[in-house]
Structures are given as structure tokens and as C-alpha cells.
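Participant: A structural model of the following input is requested.
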Amino acid sequence: MIFANLDKLPPDPILGVTAAFRADPSPDKIDLGVGVYRDVDGNTPVPAGVSEAERALLAEQTTKTYVGPSGNPEFNERIVELALGPLAAGLRARTATIQTVGGCGALRIGAELIHASRPHATVHVSDPTWANHEPLLGTSGLKLERYPYYDPATRGVAFDRMIDHFRALPSGSIVLLHACCHNPTGADLDAAQWKAVTDVCADRGLVPFVDLAYQGFGDDLESDVFGLRMLAARVPQLLLALSCSKNFGLYRERTGALAIIAENGTVAAAVATHQARTARRMYSMPPDHGAAIVARLLGTAGLRHMWEAELATMVGRMKSLRALLASHLAARRPDVDFSWVTRHRGMFSLTGIDAAAIGVLRSTHHVYVPPDGRINLAGVSDSNVDRVADSIVAVLG
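Facilitator: Predicted structure coming up:
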């Protein structure tokens with residue numbers, strides 16, 4: 001029996017929370033775990049601009065033939081332009097882009113290419129980082145190490161320790177950076193810190209691998225890529241993993257891209273061939289639907305303006321939810337500083353709640369968070385904020 005020796009694995013730390021939440025019969029249960037945006041009604045909507053682009057696409061579509069391993073060329077061009085802005089044109093000859101199966105696919109193909117070129121390379125990831133970063137990168141065969149990032153005492157970036165760590169890395173080291181909306185902490189680098197990181201990457205010959213999963217979800221489409229663009233303008237090589245799940249609401253369409261900026265056009269052309277071969281060997285070709293929607297939206301002025309306005313509304317809602325929760329927590333515990341809730345960006349923040357308290361949140365209060373104590377602020381609402389605040393304060397001690 002070929003599979004008889006396989007033991008049942010424990011649930012994924014985040015997806016397991018979702019499964020436990022669904023199994024809970026309590027009518028008062030609250031899910032602060034799953035990483036999706038929710039509107040005032042608790043739904044994860046498809047932005048109207050995205051829906052309009054999809055309708056136009058379907059009305060004109062005459063074939064479902066393959067798009068090829070590199071994916072939709074128009075999507076590849078437009079999504080890189082969204083990320084890099086005015087830099088994209090000047091870097092085009094040095095940039096190799098492939099459409100991927102979501103941002104996860106971009107991370108994995110990037111890891112596979114690094115391993116193919118430098119099998120003994122080490123990728124340095126933040127401590128902490130998104131739960132799936134290490135499995136996606138590490139199972140390619142690459143060695144992983146962590147660099148200091150988060151300071152639990154200040155709920156901010158431990159920047160002095162981070163930059164000292166970077167300065168000590170050997171030339172050619174790869175550093176995985178969250179472009180914005182750091183997952184799971186919510187603590188982002190400011191402009192001065194991004195400049196210092198760019199300086200040390202350029203001076204030390206470090207290779208940035210930038211994960212851009214939340215462009216437009218922190219402050220706005222331009223501010224959220226400030227650090228990325230600074231790096232792209234300075235360093236000779238950079239890997240960029242892009243995701244359209246959050247900002248376009250295309251979670252289940254698995255739409256992403258991997259853009260690699262190489263030192264020159266000759267290297268970029270070679271990289272493109274390896275991108276395509278890697279994809280061909282993993283899943284052959286990507287699905288086109290989500291990419292075609294994004295290409296249509298970004299290429300149509302009216303639809304793009306509609307989407308940008310909707311995205312700004314989502315960001316405004318996230319910031320208002322942060323302010324709402326912070327005020328309710330502070331009202332219950334005026335002796336505790338909860339200002340970090342409003343300083344963080346994106347959907348996530350680390351609460352500092354330990355494993356025992358997380359168990360109490362689930363069993364007693366029916367509030368579900370992942371094992372690291374990360375909360376998704378999009379799960380908070382006017383109707384449940386009192387219960388969320390009461391529950392968190394109850395387990396803080």
C-alpha cells in the first residue's frame with residue numbers, strides 16, 4: 001500500500017483556526033484569524049471595478065486556450081508598472097516577469113531559481129514573518145535564517161538590531177522584506193528606515209527579495225511601495241513577489257507575478273527562460289482569468305479610477321477599525337498603552353497574547369486567533385468590538 005506509511009498531519013496553524021471556527025456552534029463566535037478583508041457586513045467583496053472588468057472580459061472572450069508558462073503578457077507588464085511606477089519603463093530591459101499561481105507561487109518560483117543558481121544560498125527572513133514564508137522558501141532546498149525585526153516591548157520595528165544584522169551579512173546574502181503591511185506584526189519601516197536598508201543593501205551587495213502582497217492596503221498605492229521603489233532604483237538585482245489577492249479581491253483566482261530585476265538585459269533574458277522552465281515543471285501554465293481581469297482593469301482608465309476609490313475606502317475602513325478597537329481597549333485598561341493598534345498598517349497586528357490565553361479566547365470567549373496571537377482587524381466590527389475588547393482584556397492578565 002503506497003500511502004499506508006503516511007501519518008495524519010496536524011492542521012495548518014492558520015487554516016486550522018478557520019476549521020475550528022467553522023466547527024464552533026456558538027452564535028457569538030468571532031474569527032480574527034483568516035487573512036481576508038471584510039466589509040461592514042462581514043463579507044469579503046469583489047470590488048465593483050473588478051466585477052466590471054470581468055464582465056467586459058467575458059463578453060469579448062472567444063477562447064480558453066493556454067496562455068503559456070509565462071502567463072498573460074499584458075498582465076505582467078501592467079502589474080509591474082503598478083508596483084514600480086515611473087521606474088518600470090527604465091528597468092524594463094532588465095526585468096524578467098512571469099505570471100504565477102498567486103503570491104505564493106511567486107515566492108516559490110523565486111526560491112527555485114535562487115536554488116538553481118546558488119544552491120547553497122541563505123535567505124534571511126524577518127523574525128517573525130508570515131507563517132508560509134519559511135515552508136515556501138525552505139522546501140526548495142534553500143537555507144533560511146532569521147533577522148531581528150519586531151520589538152514586543154515597543155510593538156514596533158527593532159530597527160537598530162535589524163540594520164546591524166544586515167551590516168554583518170556577507171555580500172550576496174538574500175534578505176526577504178515585506179514591502180508594506182508586515183504580516184504578522186503590522187509594524188512597517190518608515191521612510192528613513194527604508195533609506196537605511198537601501199543603503200546597506202547597495203553598499204554590502206545584499207539581494208532584496210521583496211514580498212508585495214498588500215499594495216494599497218497600508219496607506220495608498222504610492223506610499224506602500226516607497227521602499228520597494230527606492231531599492232529598485234539603487235540595487236543591481238532584486239526579486240519581487242506580487243499578489244493580487246487582497247487589493248483586487250481575487251483570492252480564489254490565485255493571481256500573482258514574480259518580477260526579477262537583473263544586472264543587465266542579457267541576464268534578464270536568461271532568467272526569463274528559467275522562470276518559464278521552472279513553471280512548466282511545476283504546474284505547466286497559470287490560470288488566466290484573474291490576470292486577464294487585472295490587465296483589463298489597469299488598462300481601462302474608468303475602471304482603474306473606480307477600483308482605486310474602492311481600495312481607498314477599504315484602507316479607510318481598516319484604519320477606522322484600528323481606532324475603534326484601540327479606544328475600546330483603552331477604555332477598559334487605561335493603564336495599558338494601546339496606541340500601537342493605530343500605528344500598525346494593514347490588516348494584522350500581534351497582540352502579544354500567549355498560547356494559554358489563546359486557548360482561553362477560543363474555549364471561553366469563542367474568539368479565534370492563530371497560535372502566534374496575530375489578529376486580523378478586518379474581523380472587528382461595530383457590532384462585536386465590545387466583545388473583542390472584553391475578551392482580549394480578560395486574557396491580558
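
Participant: where exactly do the strands run in the stretch 201-350 of the chain?
Facilitator: Counting by DSSP state E, counting those that start in this stretch, one finds strands in the stretch 201-350 of the chain at the ranges 207-212, 238-243, 255-261, 348-350.

Participant: Does anything pack onto the longest one? Which helices or strands?
Facilitator: Secondary-structure packing of strand 255-261 (3 or more C-beta pairs under 8 Å, 6 or more residues apart in numbering; DSSP states H and E): helix 73-84, strand 95-101, helix 102-117, strand 238-243, helix 265-282, helix 289-298. The way it works is simple: take the backbone N, C-alpha and C, and place the C-beta from them, glycine included.

Participant: can you tell which of these is closest to Pro370?
Facilitator: With distances scored as C-beta to C-beta, the stretch of the helices and strands packed on strand 255-261 nearest to Pro370 is helix 102-117 (17.2 Å).

Participant: Next, the buried residues of that closest one.
Facilitator: By neighbour count on 16 or more other C-beta atoms under 10 Å, the buried set for helix 102-117 is 102-115.

Participant: Which is the succeeding secondary structure element to that helix?
Facilitator: Downstream of helix 102-117, the first helix or strand assigned by DSSP states H and E is strand 122-127.

Participant: List the strands paired with that next one, with their directions.
Facilitator: With DSSP bridges as the test, strand 122-127 is paired with strand 143-148 (parallel), strand 174-178 (parallel).

Participant: So which of those strands is the most surrounded?
Facilitator: The highest mean neighbour count among the strands paired with strand 122-127, using mean count of other C-beta atoms under 10 Å, belongs to strand 174-178: a mean of 24.

Participant: picking up where we left off before, out of the strands paired with strand 122-127, which is closest to Thr255?
Facilitator: strand 174-178 (19.3 Å).

Participant: how far off helix 102-117 does that closest one point, in degrees?
Facilitator: Here strand 174-178 runs at an angle of 170 degrees relative to helix 102-117 (axes from the mean of the first three to the mean of the last three C-alpha atoms, to 10 degrees).

Participant: if we can go back for a sec, can you put the helices and strands packed on strand 255-261 in CSV and add distance to Asp31 and mean pLDDT?
Facilitator: Compiled in CSV, those are given as follows (distance: least, C-beta to C-beta, whole Å; pLDDT from 0 to 100):
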stretch, distance to Asp31, mean pLDDT
helix 73-84, 30, 98
strand 95-101, 25, 98
helix 102-117, 21, 98
strand 238-243, 21, 98
helix 265-282, 32, 98
helix 289-298, 25, 98
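
Participant: I'd like a version of these in a markdown table, one that adds distance to Asn384 as further columns.
Facilitator: Supplementary listing: the helices and strands packed on strand 255-261 in a markdown table, determined by distance: least, C-beta to C-beta, whole Å:
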| stretch | distance to Asn384 |
| --- | --- |
| helix 73-84 | 34 |
| strand 95-101 | 34 |
| helix 102-117 | 29 |
| strand 238-243 | 28 |
| helix 265-282 | 41 |
| helix 289-298 | 31 |
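
Participant: low-scoring pLDDT stretches of the stretch 1-150 of the chain, where are they?
Facilitator: Along the stretch 1-150 of the chain, the model assigns pLDDT under 70 to no residue.

Participant: wouldn't Asp386 be in contact with Ser327 here?
Facilitator: No - using C-beta atoms under 8 Å, Asp386 is not in contact with Ser327; the gap is 11.3 Å.

Participant: Name the residue in these two with the higher neighbour count.
Facilitator: Regarding Asp386 and Ser327, a neighbour count based on other C-beta atoms under 10 Å identifies Ser327 as having more, with 15 against 12.

Participant: wait, which of the strands of the stretch 201-350 of the chain is closest to Val17?
Facilitator: With C-beta to C-beta as the criterion, Val17 lies closest to strand 348-350 of the strands of the stretch 201-350 of the chain, at 13.5 Å.

Participant: What are the buried residues along the closest one?
Facilitator: Judged by neighbour count using 16+ other C-beta under 10 Å, the buried positions of strand 348-350 are 348-350.

Participant: and if you look at stretch 20-30?
Facilitator: Within stretch 20-30, judged by 16+ other C-beta under 10 Å, the buried ones are 21, 24, 29-30.

Participant: Then stretch 305-320?
Facilitator: 306-308, 310-311, 314-315, 317-318.
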